[in-house]
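A.B. asks: Quick one: sequence and predicted model below, then my questions.
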Amino acid sequence: MSEILIIGAGPAGLSGAIACAQHGLKVTIIDEFIKPGGRLLGQLHQEPSGEWWNGMKEAEKLINETKTLPIDIRCGVSVYNIERHDADWYVYTNEGVFESPYVLIATGAAEYAIPVPGWTLPGVMSIGASQVMTNVHRVQVGKKGIIIGANVLAFAILNELQMAGINIERVVLPAESPISKKESNPEEVLKILTEAGHLAPSALLRNGSKLMKIDSLRRMALKYFPKGGMKINGTPLQLKKAAIEIVGNEKVEGVKLATIDSQGNIISGTEKLYEADFVCIAGGLYPLAELAAVAGCPFKYIPQLGGHVPIHSKNMETPIPGMFVAGNITGIESGKIAMAQGTVAGLAIAMASQSNAKIDEQLQQALQKVEEVRTKSPIQFIPEIAEGRLAMERVWEKESNRGELERVIF
């Protein structure tokens, strides 16, 4: 039996484990992947300072630190159920049952899948899969590719693929469907790009991002958007093109595109086939929170956090005794913020198990660190993330007040 059990060996889980173990607590981390590091392993981007953020090196630092502490990392372990009996959590896995009074769920995020006719062909993958194959496994995903979906995640990974010498011919939108929603609407996509001005695909959009938030100016810019697209380090972003079918016999051979209007409606007779030997679909990210749901944790749908998220406090605790959450399960943000949140969760658990003034002081400093990192973060997947965090604080306050009332009544 561990004093602390952490599900997820990514940036949040590793940081949480270190914070707990530094206060003498024995920690076990379980993860279904073959090695620890999570999404950090595939991340690579340039900071505003010009320095490079290398996720693999950051993961290595965290892993090396765990080796000096009472932390047991077990990979290749898949969780299929989690229950609470009396004062302990029981986590059921393919390697048996793990028992602990405290559990930290740091399962991260998953990608939205946007169905496109032909998407089951070999050579079609999510944009995140292309990142892992390129940066983690060092496998070239193809020689001529097309990205379907224009969002912050797509552009961040596009840059990584380009640095690896992989040719991306173009970035286009998915055709309109009940699932694609805003991702198929050029006006909505341009709005997202201009709100994320630091990652906008050209100097024009970066410098004019504030002006482009004005609806009339944005519509004008879309009206005169180049037919051939706007170059992103040599790869054209084509906001007026939508993928209507991925074509091939036994594997990807091309993508059939059609011209669309500013609302995403296909213009009949404009269909054309473009060659490609691989396709990346970028639908965005959502919190991977099923385990918290299985455990009975209440949820709240907050679009500014990426969807349904477990109700939690700033200290990363949930309304369920002994259960904490951290990282992208609480809202879609960068690896740096996941690490900062993991530290908060770890200190909050340490505080719950052995309350003292020193831990409380460290916890307050860790909370400040989260805000500092969030403010300086070069990658913001959701522009309204700060609004989402405030919304969750209000939800937590209501949940806490309700809990106090129930204790009084019963």
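C.D. replies: Now that the structure is in, tell me what you want to look at. Numbers count the residues shown, from 1 in each chain.

A.B. asks: just the helices in the stretch 51-200 of the chain please.
C.D. replies: Counting by DSSP state H, counting those that start in this stretch, the stretch 51-200 of the chain has helices at residues 55-66, 127-131, 152-163, 186-195.

A.B. asks: Which of those sits closest to residue 15?
C.D. replies: helix 55-66 (6.6 Å; CB to CB). Bear in mind the C-beta positions are built from the backbone N, C-alpha and C, glycine included.

A.B. asks: What are the contacting residues of the closest one?
C.D. replies: 11, 14-15, 17-18, 21, 29, 36-44, 73, 135-136, 335, 339 (CB atoms under 8 Å, 6 or more residues apart in numbering).

A.B. asks: Quick check: residue 261 vs residue 36, distance?
C.D. replies: Here residue 261 is placed at a distance of 47 Å from residue 36 (CB to CB, to the nearest Å).

A.B. asks: Comparing the two, which residue is more hemmed in?
C.D. replies: residue 36 (23 against 12; other CB atoms under 10 Å).

A.B. asks: Can you read off the pLDDT for the nearest residue in space to that one that is not next to it in sequence?
C.D. replies: Distances taken as CB to CB, 6 or more residues apart in numbering place residue 9 nearest to residue 36, at 3.7 Å, with adjacent residues excluded. Looking at residue 9, its pLDDT reads 97.

A.B. asks: so residue 9 sits right up against residue 37, yeah?
C.D. replies: Yes - between residue 9 and residue 37 there is a contact under CB atoms under 8 Å: 6.9 Å.

A.B. asks: quick one: which of the two has more around it?
C.D. replies: residue 9 (28 against 25).

A.B. asks: so what's the more buried one up against?
C.D. replies: Going by CB under 8 Å, 6+ apart, the list of residues near residue 9 reads 29-31, 33, 36-38, 73, 75.

A.B. asks: So this protein: which segments form each domain?
C.D. replies: Per automatic domain parsing, the domain ranges recorded for the chain read 4-110+286-409, 113-283.

A.B. asks: Now do stretch 312-329: distance from first to last residue.
C.D. replies: End-to-end distance for stretch 312-329: 10 Å, by CA to CA, to the nearest Å.

A.B. asks: Could you give me the buried positions within it?
C.D. replies: Neighbour-count burial for stretch 312-329, counted by 16 or more other CB atoms under 10 Å, picks out 312-320, 322-329.

A.B. asks: Then stretch 228-242?
C.D. replies: Across stretch 228-242, burial judged by 16+ other CB under 10 Å covers 229-230, 232, 235-242.

A.B. asks: From these, pick the one nearest residue 69.
C.D. replies: So of the buried residues of stretch 228-242, ranked by how close each gets to residue 69 (CB to CB), first place is residue 232, at 42.4 Å.

A.B. asks: Bridged to the closest one, which residues?
C.D. replies: residue 235 (DSSP bridges).

A.B. asks: does it really touch residue 155, like I thought?
C.D. replies: Yes - using CB under 8 Å, residue 232 makes contact with residue 155 at a distance of 6.6 Å.

A.B. asks: Dump stretch 265-282 to CSV, keeping only the CA atoms.
C.D. replies: Coordinates of each C-alpha in stretch 265-282 appear next as CSV, following Å, rounded to 0.1, in the frame of the first residue of the first chain:
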residue,chain,number,x,y,z
ASN,A,265,-20.4,26.2,-47.2
ILE,A,266,-18.9,24.2,-50.1
ILE,A,267,-19.0,25.9,-53.5
SER,A,268,-20.2,23.4,-56.0
GLY,A,269,-18.0,22.5,-58.9
THR,A,270,-14.7,23.5,-57.1
GLU,A,271,-13.6,20.0,-56.1
LYS,A,272,-10.0,19.0,-56.9
LEU,A,273,-7.7,16.2,-55.9
TYR,A,274,-4.4,16.9,-54.3
GLU,A,275,-1.6,14.3,-53.9
ALA,A,276,-0.5,13.2,-50.4
ASP,A,277,0.9,10.1,-48.8
PHE,A,278,-0.2,11.0,-45.2
VAL,A,279,-2.9,13.1,-43.6
CYS,A,280,-2.9,14.6,-40.1
ILE,A,281,-6.3,15.4,-38.6
ALA,A,282,-6.2,18.2,-36.0
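
A.B. asks: what's the spacing between that stretch and its chain's center?
C.D. replies: The chain centre lies 27 Å from the centre of stretch 265-282; the measure is CA atoms, centre = their mean, to the nearest Å.

A.B. asks: Give me the mean pLDDT for that stretch.
C.D. replies: For stretch 265-282, the mean per-residue pLDDT is 96.

A.B. asks: got the buried residues for that stretch?
C.D. replies: 266, 274, 276-282.

A.B. asks: Next, format these as JSON lines and append distance to residue 288 and secondary structure.
C.D. replies: Shown next, in JSON lines, are the buried residues of stretch 265-282 (distance: CB to CB, whole Å; DSSP: H, G, I helix; E, B strand; the rest coil):
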{"residue": "266", "distance to residue 288": "33", "secondary structure": "strand"}
{"residue": "274", "distance to residue 288": "33", "secondary structure": "strand"}
{"residue": "276", "distance to residue 288": "29", "secondary structure": "coil"}
{"residue": "277", "distance to residue 288": "30", "secondary structure": "coil"}
{"residue": "278", "distance to residue 288": "25", "secondary structure": "strand"}
{"residue": "279", "distance to residue 288": "24", "secondary structure": "strand"}
{"residue": "280", "distance to residue 288": "20", "secondary structure": "strand"}
{"residue": "281", "distance to residue 288": "18", "secondary structure": "strand"}
{"residue": "282", "distance to residue 288": "17", "secondary structure": "coil"}
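
A.B. asks: Let me know the closest of those to residue 257.
C.D. replies: residue 274 (5.9 Å).

A.B. asks: Go ahead and confirm that closest one touches residue 255.
C.D. replies: Yes - if you go by CB under 8 Å, residue 274 and residue 255 touch, sitting 5.5 Å apart.

A.B. asks: Give me the common contacts of these two.
C.D. replies: residue 146.
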